[in-house]
Structures are given as structure tokens and as C-alpha cells.
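*Asks:* Predicted model follows, preceded by the sequence.
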Amino acid sequence: MSLHRLIRRCAFAAGLLAAMTVHAQTPEGMRTVPTRYAFDALLERVERAVEQNRLGVVAIASASRGAASRGVKIRGNAVVMVFRNDIAVQLLSASVPAGYEAPLRIYVTESADGHAALSYRVPSTLFAPYRNAKVDQLARELDAMLAKIVKDAGGG
């Protein structure tokens, strides 16, 4: 085999491995939506959209805000945890182990260009391993709610 052919095969294999690695790093059911908003504006829009779509913000965890409090600057990121108690009660009555997946999370991240994106895992994918019809029904309802929140917050 010629050196040129060997180099091409190695380059192809390296590219394939890199593509597989990137795919492996994205969990099943993960959706990411780029937006035209800056990080802080998008975070506020997410909080409003959650409220308007009948869920509640349970907590917000932000490494960038924590770092800023120590004088360290990193790109904006925040995990917005959302749920609603009546749904939690229904979920737990159907499957106590499935309660581990609540609250649902919306990840707000700042890009190098100053815009921010929204990422979330589709609830029906998240809850699928529990193999429970009632949990599956709730997850489908949550699919629609989360998709609407992301659409409303992202402006599209």
C-alpha cells in the first residue's frame, strides 16, 4: 500500500472517530436551539416563558455567575430547572424511580459571538427507560410544554 493511500485511510478513520466521539457526547433526545439573544436577555425570556406556559422555575444553577462572584469570567451558562407540583405528584404516583428525572432542565449557554442558545432533553426520551404508560403520557405532555417554552423564549 502506498504511503499516500495509508495517510488517506488514517485521515478517514480519524474523521470517523471524531464524528463518533461528537455524537457520543450528545445525549439521546438533546435539542439545541440557537437564538439572537444575549445570555442575560435569554435567561430572562426563559423565566418568563416558563411562567407563561404553566410550569415553575424550581432553581437556577449558573457556573458563570458563581465564577463571576470570585472574579473569574467565563461564558454565560445556566441550568434552569422547571417543573410543577401537580405533575410531580402524578409522576410519583405512576413511578417513584421516574421522579429522579424531575425537575426538567433547560440549559442556557453563551456562544463566542455573544448570542445564547437553549438546550434541553426531550422529556419522552428522558422518561422512556421507565417503561410506564402513565409516565409516557405525562412525558408527551411535557414534550409539548418544554418545546413551547423553548420556542417562546427563543423568539421563534
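*Replies:* Sure, I can see it.

*Asks:* which regions of the chain sit below the pLDDT cut-off?
*Replies:* Scanning the chain for pLDDT under 70 picks out 1-24.

*Asks:* A117 and R36 touch, don't they?
*Replies:* No - with contact defined as CB atoms under 8 Å, A117 does not reach R36; the gap is 10.5 Å. C-beta coordinates here come from the backbone N, C-alpha and C atoms, glycine included.

*Asks:* Just want to know which of those two has more residues nearby.
*Replies:* A117 (17 against 11; other CB atoms under 10 Å).

*Asks:* quick one: strands adjacent to the strand or helix carrying that one?
*Replies:* Taking DSSP states H and E as the criterion, A117 maps to strand 115-121. Taking DSSP bridges as the criterion, strand 115-121 pairs within the sheet with strand 30-38 (antiparallel), strand 104-110 (antiparallel).

*Asks:* Which other helices and strands does the helix or strand following the first one contact?
*Replies:* Just to be clear, that refers to strand 30-38. Counting by DSSP H and E, the next helix or strand C-terminal to strand 30-38 is helix 39-52. Contact partners of helix 39-52 among helices and strands, from 3 or more CB pairs under 8 Å, 6 or more residues apart in numbering; DSSP states H and E: strand 56-61, strand 77-83, strand 104-110, strand 115-121, helix 133-154.

*Asks:* of all these, which lies closest to E28?
*Replies:* strand 115-121 (7.9 Å; CB to CB).

*Asks:* For that closest one, report the contacting residues that lie outside it.
*Replies:* With contact meaning CB atoms under 8 Å, 6 or more residues apart in numbering, strand 115-121 is reached by 27-39, 41-43, 46, 76, 104-111, 146, 150, 153-154.

*Asks:* Using PyMOL, define a selection of the buried residues within the residues you listed.
*Replies:* Remark: buried members of the contacts of strand 115-121, expressed as a PyMOL selection using 16 or more other CB atoms under 10 Å:
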select buried, resi 35+37+39+42+43+46+76+104+105+106+107+108+109+110+146+150+153+154
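
*Asks:* returning to that earlier point: can you tell which of the helices and strands packed on helix 39-52 is closest to V96?
*Replies:* With CB to CB, the closest approach to V96 among those belongs to helix 133-154: 10.7 Å.

*Asks:* Endpoints of stretch 108-126, how far apart?
*Replies:* One end of stretch 108-126 to the other measures 19 Å (CA to CA, to the nearest Å).
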